[in-house]
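A.B. asks: Sequence unavailable; structure follows:
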Ligand code: HEM
């Protein structure tokens, strides 16, 4: 039995092609080597699982089979208590604590705030003759996290938090993210020292918010974390709370923004899609109730299809910690294994005409968690999945109900990597005009 499946040769060339042309490169490898192949990356071998059966093997393996991938380069950025860094019992315990605020009634409590933020940000963007969809959606998803996760409501404090988050994000250059050697403070100089200072600025603001949450808990996730207790009755430390908040920002902010920018673009490239979507949304009347928006089936299908066609995370890697059998291969500890969201989502046997944006597929049939996995799966599935989909439906619904969009670039955007995510090249330039119905109401 072989340890590694076949695959392309050359670590640097493979890494380069994977980073710069993911769609073409992964599809070419699958066509040449089959559903399961090895990618020799610059930092080690990663076995790609590109079929539902191989994805299922990874997602249903006992949790102790794997540990998080690339901990060395990510831990200094997110903190050692980050959920993304934990494994085993600590991971299970922390997930149990963090998951409930993103579901059910607690999640639905943020509907009105999501709708308000979206209405305000699109109205602001409409003042300019030209806007970039990704910048609007990025501002929206950041405001939503600052409100729902940090519990900040006052506009001037929201702005201070937003500035601190953006400054911290700007300090993470791709070199800093991928080269652990740069992640040293070097006597206060260099990119890592700058990043640490920006983290310090954000944490100073968060400390104030933590005190407020202790004195008067709100409905936000920070307040819930302050009062949350592990199974043994102990509370989270301040350090752990800060690391988790930074993780939620990192995992939830840009991802949701990119997914929304893609959805706006796709929906407007097919007149039949946008017409059906508007009909469904308009049937709820002017200024639709956000929770009713979130229950619209075609709107949901549009969001799901956007996440299928160009998933924000193209693969979800893990590091093998105990020998793991994948088909005819016995993978050894230290090997990476990555269910490939992109390859599975582009299989013509599951999704006929896979490169076509066709939301109806999600109304016609159900897909298993191993056939549709934009939020990963198994014991590491995204804890913000329901929250992100809820936010996407409300933001798109509010936007389409009030505004007419024109895509300013005739050519569809290409999927390009932004750090670890896949976003639309150019960010989707658009022009916005108030819809006649809302213009009449305003008159
Ligand atoms: C459209 C938006 C989003 C997408 C596409 C997305 C996608 C993903 C993916 C692919 C993973 C890895 C899953 C795996 O390894 O199997 C993940 C993990 C995670 N996501 Fe999301 N996510 C989104 C939004 C959010 C939001 C809004 C939050 C919270 C505010 C969030 C929090 C997390 C966390 C904490 C993890 C780590 C889970 C763990 O390791 O146990 N995500 N997400």
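C.D. replies: Okay, I see it. Bear in mind the structure is a predicted one, so any value in this text is a computation, not a measurement.
A.B. asks: Model confidence at residue 439, what's the number?
C.D. replies: pLDDT for residue 439: 44.
A.B. asks: Residue 107 now?
C.D. replies: We have a pLDDT of 88 for residue 107.
A.B. asks: got the contact list for it?
C.D. replies: Residues counted as contacts of residue 107 (Cβ atoms under 8 Å, 6 or more residues apart in numbering) are 101, 386, 387, 390. Every C-beta, even on glycine, is put in place using the N, C-alpha and C of the backbone.
A.B. asks: List the contacts of the first one.
C.D. replies: With Cβ under 8 Å, 6+ apart as the criterion, the residues that contact residue 101 are 107, 221, 224.
A.B. asks: what helix or strand is residue 299 on?
C.D. replies: helix 297-309 (DSSP states H and E).
A.B. asks: what's that helix packed up against?
C.D. replies: For helix 297-309, the helices and strands in contact under the criterion 3 or more Cβ pairs under 8 Å, 6 or more residues apart in numbering; DSSP states H and E are helix 238-269, helix 271-282, helix 361-364, helix 385-402.
A.B. asks: Show me which positions of the shortest one end up buried.
C.D. replies: By neighbour count with 16 or more other Cβ atoms under 10 Å, helix 361-364 contains the buried residues 361, 362.
A.B. asks: pLDDT (mean, whole number) over that helix?
C.D. replies: 98.
A.B. asks: where along the stretch 51-200 of the chain do the strands fall?
C.D. replies: For the stretch 51-200 of the chain, the strands defined by DSSP state E, counting those that start in this stretch cover 66-68, 131-132.
A.B. asks: typo on my end, it should be the stretch 301-443 of the chain
C.D. replies: Using DSSP E, counting those that start in this stretch, strands in the stretch 301-443 of the chain cover 318-320, 324-326, 329-331, 336-339, 403-407, 415-418, 421-424, 429-434.
A.B. asks: which stretch in the ones you listed is the model least sure about?
C.D. replies: Across the strands of the stretch 301-443 of the chain, strand 415-418 has the smallest mean pLDDT, namely a mean of 86.
A.B. asks: Check which helices and strands that one sits against.
C.D. replies: On a contact count with 3+ Cβ pairs under 8 Å, 6+ apart, strand 415-418 meets helix 22-33, strand 421-424.
A.B. asks: In contact with residue 294, which residues are there?
C.D. replies: With Cβ under 8 Å, 6+ apart, residue 294 has these contacts: 111, 300, 390, 393, 394, 397.
A.B. asks: repeat for residue 255
C.D. replies: Contacts of residue 255 (Cβ under 8 Å, 6+ apart): 312, 313, 388, 421.
A.B. asks: Could you list the residues in contact with stretch 120-130?
C.D. replies: Contacts to stretch 120-130, defined as Cβ under 8 Å, 6+ apart, come from residues 131, 135-136, 139-140, 143, 398-399, 402-403, 408, 429-434.
A.B. asks: and the residues you listed near the ligand, which?
C.D. replies: Near the ligand, taking Cβ under 6 Å from any ligand atom as the test, no member of the contacts of stretch 120-130 is found.
A.B. asks: Which members of these are classed as buried?
C.D. replies: Among those, those buried by neighbour count (16+ other Cβ under 10 Å) are 131, 135-136, 139-140, 143, 398-399, 402-403, 429-432, 434.
A.B. asks: Next, work out how far apart the closest residue to residue 392 other than its chain neighbours and residue 121 are.
C.D. replies: Nearest residue to residue 392 in three dimensions, chain neighbours excluded: residue 303, at 4.5 Å (Cβ to Cβ, 6 or more residues apart in numbering). Using Cβ to Cβ, to the nearest Å, residue 303 is found at 18 Å from residue 121.
A.B. asks: residue of the stretch 151-300 of the chain with the smallest distance to the ligand?
C.D. replies: For the stretch 151-300 of the chain and the ligand, the shortest gap (Cβ to the nearest ligand atom) falls at residue 252, measuring 2.8 Å.
A.B. asks: Check the burial of that residue by counting its neighbours.
C.D. replies: Counted with other Cβ atoms under 10 Å, residues neighbouring residue 252 total 23.
A.B. asks: is it true that it touches residue 145?
C.D. replies: Yes: counting by Cβ atoms under 8 Å, residue 252 sits close enough to residue 145 to count as a contact (5.9 Å).
A.B. asks: picking up where we left off before, do you know which of the helices and strands packed on strand 415-418 lies nearest residue 346?
C.D. replies: When the helices and strands packed on strand 415-418 are compared by Cβ to Cβ, helix 22-33 sits nearest residue 346, at 6.8 Å.
A.B. asks: Who does residue 67 form a beta bridge with?
C.D. replies: Counting by DSSP bridges, residue 67 forms beta bridges with residue 319.
A.B. asks: residue contacts, it?
C.D. replies: Contact partners of residue 67, counting by Cβ under 8 Å, 6+ apart, are 87, 318, 319, 321.
A.B. asks: Look up how far the ligand lies from the third one.
C.D. replies: In other words, residue 319. Using Cβ to the nearest ligand atom, to the nearest Å, residue 319 is found at 12 Å from the ligand.
A.B. asks: Could you check how many residues crowd around that residue?
C.D. replies: The burial count for residue 319: 19, using other Cβ under 10 Å.
A.B. asks: can you check the first one too?
C.D. replies: Neighbourhood size, residue 87 [other Cβ under 10 Å]: 18.
A.B. asks: what about the spatially closest residue to it that is not a sequence neighbour, distance to residue 322?
C.D. replies: Spatially, and ignoring its direct neighbours in sequence, residue 87 is nearest to residue 67 (4.4 Å; Cβ to Cβ, 6+ apart). Distance of residue 67 to residue 322, given as Cβ to Cβ: 10 Å.
A.B. asks: How about residue 65?
C.D. replies: Distance of residue 65 to residue 322, computed by Cβ to Cβ: 5 Å.
A.B. asks: likewise residue 74?
C.D. replies: In terms of Cβ to Cβ, residue 74 sits 22 Å off from residue 322.
A.B. asks: higher neighbour count, those two?
C.D. replies: residue 74 (21 against 13).
A.B. asks: right, and that one touches residue 86 too?
C.D. replies: No: the pair residue 74 and residue 86 fails to qualify as a contact (Cβ under 8 Å) at a distance of 11.8 Å.
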